[in-house]
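Engineer: Give me a model of this one.
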Amino acid sequence: MTATADALHALGQTSGATVTQRAADAVTGWLSRRTSRRGFLVRAGVVGSALAVDTVGFVLKPQSAYASVCGPGSSCGSGWTVFCATINNGINACPPGSIAAGWWKADGASLCGGKARYIVDCNATCSHCGGGGSGICARSCWSCTCRCGPSSSCDQRKSCCNAFRYGQCHQEVPQVGGVTCRVVSCTPPWKWERCSTAPATDNNTRNHSSAQLPASYTAITARYIRLGENGSQLGNSVYGELAVPGGRAQRYERGRISASTATGAHETRGPITDRFLGTGGEGGPLGFPVTGTVVSRDGRGLVNRFQNGRISHHPDLGTFVLLGAMATRYAAASGEDGPLGFPLTDSSPTGDVVGSFARFQHGRASEQGAGEVFLTHDVIADAYERAEAEAGPLGFPLAGEEVLTGGRVQRFEHGRISVGAATGAHWLSRAIADKYVELGAEGSSLGFPTADETDVRAWPWKSGANPEVRTVVFEHGSITHEVFSGRVIVQQNP
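Structural biologist: Below is the predicted model:
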């Protein structure tokens, strides 16, 4: 009995996997330890339907290397198969109408930092014929036709011409067509595809590449490998790296990795990437990311920090950008996981353009000019917005909130907001606020306010009308401001 027959005979003693699966794994492993990949393709014919090798159209001769981004053997006549990125819009993935059907590796690949590089064959489906059978179906059944790679690329290798199958991937599909194209990864394919670990090696393919693939091992490549490459949240690479202002970037199906000397390489994902690019990407106001995409504590949100800001995403709320000091202050308040919750707006200039603001689920941030950023929380923020926030009679906050006996208070340029446990949050401005403070404010005999100051919409800068009085009612009295006369009247309840 030959060594190959010994290997096949041993399969009958193994339980669990199908005969085809056991044959593919055992023989692939046995041959790979004794021959090169090209020798494997010749010898594997003895396996018959388990590997179903048809060497028609496959040129069994070594190719010499030459200086090209696509590496050695890149012509159509070389007999090698084209890379998927070359014919799949730059996407390093099996295109529609094909499946991952087998893999091999090339050791010591510079494109993988000196480690193994894995190449996955994407075989055509037998979609033009009815089901049944195993191995390689008739060429008339293939979901593709034999052709060369595009003349616009140096990767002009064959597509859908070579009819063979290693068989370590998607063994639940017994019959496939020819090899449509090849996917590459520095991560073993069984970690991101439905493949077994049975090895095959061909170091002649170590430097094969495509102009539509990343061309060298960089900080971006290293980061992508750490994330899991093709099986990561980013998905498959799309074309090669690009130069961006101040650094480099790489696109993926579901995100991006950006790298600069100052920041290193960090990824953005999904809607955060979309918003990042919408602001101008690495050359925009945010600069480069300084963290990868982080999942918020509730497990639903995504967050990235950048050199000059932050992007937060929540599926129920949207994706928003905070810049500069506002992003820094928000981070100091524990960001999305803190008391403010997720943003509801970008950081934006106020109507008079003398400051900026941002709204959150449970509060607001305000910055006057290039000054300090102050936060207003929950019911204080609600009262502040009732007073038209920064554009209203209170102006900008002057401090954060303070805790008092029985409540809280926050001071503003032209007034204050007081919160009593029994009264809620209410605002008072200018002359009334000054008189209230003179009397002892929340600690005075008046107690806490029980309502906001008279409707702010009557103020002269809004309507041209000048109200005669402004009034705030307190727990134990009221303060009234007669605008024409300037008089401030305090009334205590008996």
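Engineer: Parallel or antiparallel, list what pairs with the helix or strand hosting residue 119.
Structural biologist: With elements taken from DSSP states H and E, the one containing residue 119 is strand 115-124. Applying DSSP bridges to the sheet, strand 115-124 is found paired with strand 98-109 (antiparallel), strand 179-185 (antiparallel).
Engineer: send the alpha carbons of the first one over as CSV?
Structural biologist: By that I understand strand 98-109. Extracted in CSV, the C-alpha atoms of strand 98-109 (Å, rounded to 0.1, in the frame of the first residue of the first chain):
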residue,chain,number,x,y,z
SER,A,98,-17.5,32.1,-5.1
ILE,A,99,-16.6,30.5,-1.8
ALA,A,100,-13.3,29.9,0.2
ALA,A,101,-12.5,26.4,-0.7
GLY,A,102,-8.9,25.8,0.4
TRP,A,103,-5.7,27.6,1.6
TRP,A,104,-1.9,27.4,1.7
LYS,A,105,0.8,29.5,3.3
ALA,A,106,4.1,31.1,2.4
ASP,A,107,6.6,31.3,5.3
GLY,A,108,8.8,34.3,6.1
ALA,A,109,6.7,36.8,4.2
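Engineer: Where do the helices of the stretch 301-450 of the chain begin and end?
Structural biologist: Ranges of helices within the stretch 301-450 of the chain are 324-332, 378-386, 430-439, based on DSSP state H, counting those that start in this stretch.
Engineer: returning to what we had before: burial-wise, tell me which of the strands paired with strand 115-124 comes out on top.
Structural biologist: strand 179-185 (a mean of 28; mean count of other C-beta atoms under 10 Å). (Glycine included, C-beta is placed from N, CA and C.)
Engineer: Report the distance from that one to the chain centre.
Structural biologist: Centroid displacement of strand 179-185 relative to its chain, using C-alpha atoms, centre = their mean, to the nearest Å, is 25 Å.
Engineer: Send me that strand as CSV with only the CA atoms.
Structural biologist: Presented in CSV, the C-alpha positions along strand 179-185 are these (Å, rounded to 0.1, in the frame of the first residue of the first chain):
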residue,chain,number,x,y,z
VAL,A,179,-10.5,29.1,-8.7
THR,A,180,-11.9,32.6,-9.3
CYS,A,181,-9.3,34.5,-7.3
ARG,A,182,-7.1,34.5,-4.2
VAL,A,183,-7.5,36.3,-0.8
VAL,A,184,-4.5,37.0,1.4
SER,A,185,-4.1,37.4,5.2
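Engineer: What lies in contact with the helix or strand just after it?
Structural biologist: Of the helices and strands lying after strand 179-185 in sequence (DSSP H and E), the nearest is helix 219-227. Here helix 219-227 makes contact (C-beta atoms under 8 Å, 6 or more residues apart in numbering) with 111-113, 186-187, 214, 232-234, 237, 241, 248-250, 252, 257, 259, 264-267, 292.
Engineer: can you tell me which of the residues you listed are in strands?
Structural biologist: Judged by DSSP state E, these include 237, 241, 248-250, 252, 257, 259, 264-267 as members of strands.
Engineer: Would you check that residue 323 makes contact with residue 284?
Structural biologist: No: Residue 323 lies out of contact with residue 284 (C-beta atoms under 8 Å); the separation is 10.1 Å.
Engineer: Compare those two and say which is more crowded by neighbours.
Structural biologist: Taking neighbours as other C-beta atoms under 10 Å, residue 323 and residue 284 compare with residue 323 leading, 19 against 16.
Engineer: What's opposite that one in the beta bridge?
Structural biologist: Applying DSSP bridges to residue 323 gives these bridge partners: residue 309.
Engineer: all strands for the stretch 351-494 of the chain, in order.
Structural biologist: For the stretch 351-494 of the chain, the strands defined by DSSP state E, counting those that start in this stretch cover 355-360, 363-368, 373-377, 402-404, 407-412, 415-420, 424-429, 469-474, 477-482, 488-492.
Engineer: Nearest the middle, which residue of the protein would you pick?
Structural biologist: In the chain, the centroid-proximal residue (C-alpha atoms, centre = their mean) is residue 269; its distance is 0.6 Å.
Engineer: residues in contact with that one?
Structural biologist: 233-234, 254-255, 293, 302.
Engineer: Which single one of these is nearest to residue 369?
Structural biologist: residue 302 (31.4 Å; C-beta to C-beta).
Engineer: how much space between the nearest residue to the closest one once chain neighbours are set aside and residue 191?
Structural biologist: Distances taken as C-beta to C-beta, 6 or more residues apart in numbering place residue 313 nearest to residue 302, at 4.5 Å, with adjacent residues excluded. Distance from residue 313 to residue 191, counting by C-beta to C-beta, to the nearest Å: 27 Å.
Engineer: With neighbour numbers in mind, choose between those two.
Structural biologist: residue 313 (25 against 14).
Engineer: what does the domain assignment say about the chain?
Structural biologist: As assigned by automatic domain parsing, the chain contains the domains 3-205, 401-494.
Engineer: OK, contacts around the closest residue to residue 97 other than its chain neighbours?
Structural biologist: Spatial nearest neighbour of residue 97, chain neighbours left out: residue 143 (3.8 Å); criterion: C-beta to C-beta, 6+ apart. Taking C-beta under 8 Å, 6+ apart as the contact definition, residue 143 lies against 97-98, 124-128, 177.
Engineer: Just the buried ones out of these, please.
Structural biologist: 98, 124-126, 177 (16 or more other C-beta atoms under 10 Å).
Engineer: Out of those residues, which comes closest to residue 407?
Structural biologist: residue 98 (67.9 Å).
Engineer: That closest one and residue 142 touch, don't they?
Structural biologist: No: counting by C-beta under 8 Å, no contact exists between residue 98 and residue 142, whose distance comes to 9.6 Å.
Engineer: okay, and the common contacts of those two?
Structural biologist: When C-beta under 8 Å, 6+ apart defines a contact, the residues bordering residue 98 and residue 142 alike are 124-125.
Engineer: could you flag which of the contacts of residue 269 are buried?
Structural biologist: For the contacts of residue 269, buried by 16+ other C-beta under 10 Å: 233-234, 255, 293, 302.
Engineer: Out of those, the closest to residue 273 would be?
Structural biologist: Each of the buried ones among the contacts of residue 269 was checked against residue 273 using C-beta to C-beta; the closest is residue 255, at 4.8 Å.
Engineer: Find me the pLDDT at that closest one, would you?
Structural biologist: For residue 255, the pLDDT comes out at 98.
Engineer: do the same with residue 130
Structural biologist: Residue 130 carries a pLDDT value of 69.
Engineer: Give me the contact list for stretch 229-243.
Structural biologist: Contacts of stretch 229-243 (C-beta under 8 Å, 6+ apart): 85, 89-93, 183, 185-187, 191-193, 211-215, 218, 220, 224, 227, 248-257, 267, 269, 293.
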